[in-house]
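1. sequence isn't available, so here's the structure alone:
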Ligand code: UDX
């Protein structure tokens with residue numbers, strides 16, 4: 001039994017880089033592996049190639065300690081580690097809702113070819129159920145050590161923007177294993193977390209794979225649930241902000257992930273629910289999760305509804321209207337624009353002939369690269385100046401902290417759409433703004449909800 005396992009982390013994207021850096025911080029010897037030479041070079045020189053608060057500092061400390069290094073060489077990884085974490089991406093396939101498994105399969109095959117002694121391969125990526133079983137067969141065929149190489153699944157639940165805290169102090173650990181030996185190895189990888197009494201659930205491989213998609217599906221469903229209520233609110237004059245607030249006091253429901261608005265995006269939730277529904281159909285249990293298609297449609301409808309509200313505000317015709325889009329990232333404190341509702345809305349507004357200017361505090365480079373046809377401003381002031389409508393799409397502090405009175409001096413039209421229920425509606429209305437939000441009445445009977453009033457359970461995720 002290995003006392004202090006040496007680790008490799010294969011795939012140094014968001015998940016892998018964070019995992020490698022955090023494991024080295026916990027005192028393990030870690031080698032990060034990626035096929036992308038630029039990524040490896042950046043990380044090895046102390047630069048994190050994406051935005052994540054606190055991670056660059058931890059990376060530099062880990063590099064200085066000599067416990068962390070990066071390579072493109074799989075033979076090196078096989079030789080210098082006993083436990084290999086697979087952290088490569090499983091994006092949505094180009095031509096179907098299924099997960100594209102080519103990166104996982106390639107990473108595992110390349111590694112296995114060099115495994116000539118007992119080793120544990122630990123999957124962390126979100127994958128279709130049954131993947132660990134399939135990979136076990138693949139690995140044991142390829143690896144010189146044969147059945148002495150085992151597979152385990154250890155799903156990761158980290159949120160962007162909170163990656164370090166979610167990795168070092170997760171809500172729970174899940175070990176999907178098929179032997180005591182594998183369980184023992186994993187326990188040794190997380191000694192400090194287990195000593196700190198992070199709850200541990202040990203499962204079979206399929207359950208561990210399922211935990212991840214089930215958790216993300218639940219979270220997506222919760223968001224779409226409140227957004228479905230927003231649709232009902234719009235038909236009745238009710239206010240979804242107040243509704244969410246009232247629901248959140250019920251401890252069985254809870255306020256987290258109950259924040260209405262433009263809905264979910266990012267590299268996980270949208271593609272995970274689609275891939276899960278697809279995989280469930282393959283397994284003959286499509287009906288059991290058919291509701292996930294509805295969850296997806298509700299979410300997509302929010303983007304169209306946001307465009308409808310903006311169009312309303314310019315008398316039904318977006319052609320030539322100047323629209324300031326605040327936000328591009330799929331959520332604040334991230335530069336990730338994968339399936340970002342913000343950019344989707346900006347693109348739709350532009351398609352209807354609006355002149356759209358986008359500003360985001362961190363995601364500008366990514367947005368420019370992905371949507372070169374949109375116009376971009378260098379700062380908030382430049383973005384909103386003389387806009388016909390300002391649309392808040394990502395609730396960065398810089399936007400929610402803005403003073404409506406001062407902002408109003410730059411925007412004579414004083415029309416704002418709060419796509420994230422993140423602004424103080426009363427403050428905007430008092431400053432003479434026409435304030436609109438999804439699922440909230442245009443002319444409220446009572447002025448009640450204050451964005452900065454503390455909530456019982458954070459409605460802010
Ligand atoms: C998510 C899961 O939270 C994480 O456990 C999993 O491992 C990866 O996917 P992440 O993609 O970083 O993490 O984003 P998250 O913070 O969960 O937000 C997802 C999306 O939902 C964002 O677009 C956010 O704006 C939206 N959201 C969140 C809401 O619209 N309402 C809410 O109440 C909460």
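-> Sure thing, it's come through. Keep in mind that this is a model prediction, so the values were computed, not measured.
2. run the chain-centre distance for stretch 239-256.
-> In this view, stretch 239-256 has its centroid 23 Å away from the chain centroid, taken as Cα atoms, centre = their mean, to the nearest Å.
3. tell me what the helix or strand containing residue 367 is packed against?
-> Element membership for residue 367, per DSSP states H and E: helix 364-370. Other helices and strands packing on helix 364-370, by 3 or more Cβ pairs under 8 Å, 6 or more residues apart in numbering; DSSP states H and E, are strand 375-376. C-beta: built from backbone N, CA, C; applies to glycine.
4. phi, psi for residue 355 please.
-> phi -100, psi 110 (degrees, to the nearest 10).
5. that one: neighbouring residues, count only.
-> A count of neighbours around residue 355, defined by other Cβ atoms under 10 Å, yields 16.
6. in stretch 81-92, what counts as buried?
-> Neighbour-count burial for stretch 81-92, counted by 16 or more other Cβ atoms under 10 Å, picks out 81, 82, 83, 84, 85, 86, 87, 88, 89, 90, 92.
7. give me the subset of these lying in strands.
-> 83, 84, 85, 86 (DSSP state E).
8. ok, and the closest non-adjacent residue to the last one?
-> Distances taken as Cβ to Cβ, 6 or more residues apart in numbering put residue 123 closest to residue 86, at 4.9 Å, once the chain neighbours are dropped.
9. that neighbour bridge partners, please.
-> residue 86, residue 153 (DSSP bridges).
10. run through the residues that contact it.
-> Residue 123 is in contact with 86, 104, 131, 132, 135, 151, 152, 153, 154, 209, counting by Cβ atoms under 8 Å, 6 or more residues apart in numbering.
11. quick one: the nearest residue to the fourth one once chain neighbours are set aside and residue 182, what's the gap?
-> Just to be clear, that refers to residue 132. With Cβ to Cβ, 6+ apart as the criterion, residue 132 has its nearest non-adjacent residue at 3.9 Å, and that residue is residue 205. In this view, residue 205 and residue 182 are 10 Å apart by Cβ to Cβ, to the nearest Å.
12. who touches both of the two?
-> Joint contacts of residue 205 and residue 182 (Cβ under 8 Å, 6+ apart) are 151, 152.
13. and residue 7, how close does it get to residue 40?
-> Per Cβ to Cβ, residue 7 is found 16 Å from residue 40.
14. looking at these two, which is more packed in?
-> residue 7 (26 against 19).
15. my guess is the more buried one contacts residue 84. True?
-> Yes. The criterion here is Cβ atoms under 8 Å, and residue 7 meets it with residue 84 at 7.4 Å.
16. so residue 9, which state does it fall into?
-> strand (DSSP: H, G, I helix; E, B strand; the rest coil).
17. how about the contacts made by the nearest residue to it once chain neighbours are set aside?
-> Distances taken as Cβ to Cβ, 6+ apart put residue 20 closest to residue 9, at 3.9 Å, once the chain neighbours are dropped. Contact analysis of residue 20 by Cβ under 8 Å, 6+ apart lists 7, 9, 12, 30, 32, 68, 70.
18. residue 169 now?
-> Per Cβ under 8 Å, 6+ apart, neighbours of residue 169: 193, 196, 198.
19. where is the longest helix in this structure?
-> Longest helix of the chain, by residue count under DSSP state H: helix 205-236.
20. what are the buried residues along that one?
-> So for helix 205-236, counting by 16+ other Cβ under 10 Å, buried means 205, 208-217, 219-231, 233-234.
21. per-residue pLDDT of the residue nearest the centre of the chain, please?
-> The structure's the chain has its C-alpha centroid closest to residue 266; by Cα atoms, centre = their mean the separation is 4.6 Å. Here the pLDDT value assigned to residue 266 is 96.
22. ok, it touching residue 160?
-> Yes. Counting by Cβ under 8 Å, residue 266 touches residue 160, with 7.1 Å between them.
23. find residues that contact each of these two.
-> 331, 334, 336.
24. burial check on the first one, number of neighbours?
-> Going back to what we said before, that points to residue 331. That count, for residue 331 with other Cβ under 10 Å as the rule, works out to 21.
25. list the contacts of the closest residue to residue 156 other than its chain neighbours.
-> Spatially, and ignoring its direct neighbours in sequence, residue 156 is nearest to residue 124 (4.7 Å; Cβ to Cβ, 6+ apart). Residue 124 makes contacts with 15, 16, 19, 85, 86, 87, 154, 155, 156, as judged by Cβ under 8 Å, 6+ apart.
26. which residues does the last one contact?
-> Put plainly, it is residue 156. Residue 156 neighbours (Cβ under 8 Å, 6+ apart): 15, 19, 87, 124, 167, 212.
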